[in-house]
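1. One predicted model, sequence on top.
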Amino acid sequence: MRPNALLPTPNPDPAPTALCLPRAQLDTLLHLALARPAQPPHTLLAHAPLVLQPAPGGLQALAGPLSTQRLRALPPQPGHPPEPPPTHGLVLVAVASPGAPPPQGDAACEAWLLQHAPGFRLATAAINPALVLLWLRLDGQATLLFRHGRQPASAGAPRWVPVPQLHLPGGGMQRVDLAATTGRQPDPEPDANEPDPGPDDRRDSRHLAAFGAAPLRHLQRSHIVLVGAGRVGSVFAHGLVRLGVQRLTVIEPDHMEPHNEDGDVAPLCEGRPKVEALQRFVRGLQRPGAVLDLQPWPVSSARAGALIAQADAVLVCVDNDAARLWANAWALAHNRCLLAVATRVQPQGAEADLRLLPAGSGCLACVGGYVQRAELLQQLALDGPVPTPADFRQQRQGSLRSWSALAAHLGQRLLEQHLLRPGGGALFRQLQETPQGGLQVRDWRPEDDGRPRACPFCSTLQGAGQAAVTPQRLRALVRLWLDSAM
Ligand SMILES: [Zn+2]
């Protein structure tokens, strides 16, 4: 199957309807710009690889890792790194001082490009690089323009067309509508005309009081993809259904075994798909019109990647690192938030581990999160579902329903905060029982100095799109990562 066979085919040579740029990266860039003395007309220029990818609302432009280094020709690749994924061009971000307008008209845009980014053709592997220019003024004005990479000679000077939406995946999942300033409307999303019941005043009365109407509606309209419907994942799914989330996709290829019945699943389902046992358990709780999309495929399938491309957040509740790595790779490639939740019981007591990684804030390789590093290559070499290690005690001594439910509920709260609060970077939360029977809670944030991460996964896959995630590339990246000092 082609990697993006499930995504709609784009019109010939269209302009994107949105730029998807991780909020964490934009925040870092704005901090850099504000720390510099004002030097009109523009103070800072950053660039990132550009990938154009079909999306439900039209063609989407994905931004890779942002860099403020001077644009220059791509350096030769030392050693034998994995083949870089294909790109379509460059995203240029100009952070301008208050009042500094963007260049007006095609000729002025071309002149600006020649003056400020003359090396754009050499700084991308694309043969006919397309460009997206995001002009951000420090007084809050934004302009987004697209320049086609492939234009017939008869078309004359290159045209710059407005892009109507800026998506900032990250805390708050903000979407900036620029249609009023561009005159170009985004294509309606496929479900835009479907009735939206909104919160139920009676059933949601406590949630309405806790969140407020608009935030609750925002939560309920989120599209969540859950990878893993085991002890933690099934409780997480149950909680999201009770919250009234309208679109929940569950990716889980496994079948029920007797020991799986301590999850939130229907009884007497031994041998049935886990997603079916979960559906039987929650079906009486679903809201009118809510979609529980059950996908009995491995997370390594292209189908899983195409679903993650449409998610607001990806929850990973699996007990093996290869599945975590695949989910993280898809989340990186599509600029999606990842929340990985795991529990274990150690000799000194139970532990829960939650890792929230908003788009652009690193991955489980560079900020930590894999416990079976040495087995990753072996697991990735297998086709189909990634098996749980034969001896589960290699990674934990057992599991407790109480801690699985605790971890899932804490994860849901982290997710709610992430979807509602603008900004915020990566957050790790660890709960641990002490030998004396106490409870320790530790929060920490991985350091982020704003520079592109020297991480093979982030530098290669972030914003690189569906086609960039292949078994061959993941194996090469794992080898590079294991060989490096990280
Ligand atoms: Zn990374």
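-> Done, it's in.

2. Just the element for the residue nearest to Ala374 when sequence neighbours are not counted, please.
-> The shortest distance from Ala374 to any residue other than its chain neighbours is 7.9 Å, reached at Leu482 (C-beta to C-beta, 6 or more residues apart in numbering). For the C-beta atoms, the positions are set from N, CA and C on the backbone; glycine is no exception. In this structure, Leu482 is located in helix 471-483 according to DSSP states H and E.

3. got a list of contacts for that helix?
-> Judged by C-beta atoms under 8 Å, 6 or more residues apart in numbering, the contacts made with helix 471-483 from elsewhere in the structure are 81-83, 85, 300, 325-326, 329, 365, 373-374, 376-377, 380-381, 455-457, 460-461.

4. any idea of the mean pLDDT for it?
-> Averaging pLDDT along helix 471-483 yields 90.

5. now do stretch 296-314
-> 95.

6. Ok, stretch 112-125 next?
-> Per-residue pLDDT over stretch 112-125 has a mean of 86.

7. And the contacts of it?
-> Applying C-beta under 8 Å, 6+ apart, the external contacts of stretch 112-125 come out as 42, 45, 47, 49-50, 70-74, 84, 86-87, 89-90, 92, 94, 103, 129, 131, 147.

8. Okay, and which of those residues map to strands?
-> With strands identified by DSSP state E, the entries of the contacts of stretch 112-125 that belong to them are 42, 45, 47, 49-50, 89-90, 92, 94, 131, 147.

9. returning to what we had before: can you tell me how far the residue nearest to Ala374 sits from Ile224?
-> Applying C-beta to C-beta, to the nearest Å, one obtains 32 Å for the distance of Leu482 from Ile224.

10. Run a quick check on Leu356 versus His418, I expect a contact.
-> Yes: in terms of C-beta atoms under 8 Å, Leu356 counts as a neighbour of His418; the distance is 6.1 Å.

11. Need the three-state assignment for the residue in the stretch 51-200 of the chain that the ion sits nearest to.
-> Going by C-beta to the ion, the ion is nearest to Pro65 of the stretch 51-200 of the chain, at 9.7 Å. State at Pro65, reduced to three classes by DSSP: H, G, I helix; E, B strand; the rest coil: coil.

12. And for it, the neighbour number?
-> Neighbourhood size, Pro65 [other C-beta atoms under 10 Å]: 22.

13. again, but for Arg36
-> Neighbour count of Arg36, defined by other C-beta under 10 Å: 11.

14. Please read off the pLDDT at Arg72 from the model.
-> In this prediction Arg72 is given a pLDDT of 72.

15. May I have the beta-bridge partners of the nearest residue to Arg283 once chain neighbours are set aside?
-> Excluding the flanking residues, the one nearest Arg283 by C-beta to C-beta, 6+ apart is Leu292, at 7.7 Å. In this structure, Leu292 has the following beta-bridge partners (DSSP bridges): Leu248.

16. Leu292: how many residues sit nearby?
-> When neighbours are defined as other C-beta under 10 Å, Leu292 has 20 of them.

17. same thing with Ala94?
-> Other residues within reach of Ala94, judged by other C-beta under 10 Å, total 24.

18. give me every residue that touches it.
-> Applying C-beta under 8 Å, 6+ apart as the definition, the contact partners of Ala94 turn out to be 42, 44-45, 102, 116, 133-136.

19. can you check Leu145 too?
-> Listed by C-beta under 8 Å, 6+ apart, the contact partners of Leu145 are 102, 109, 132-133, 135, 160-163.
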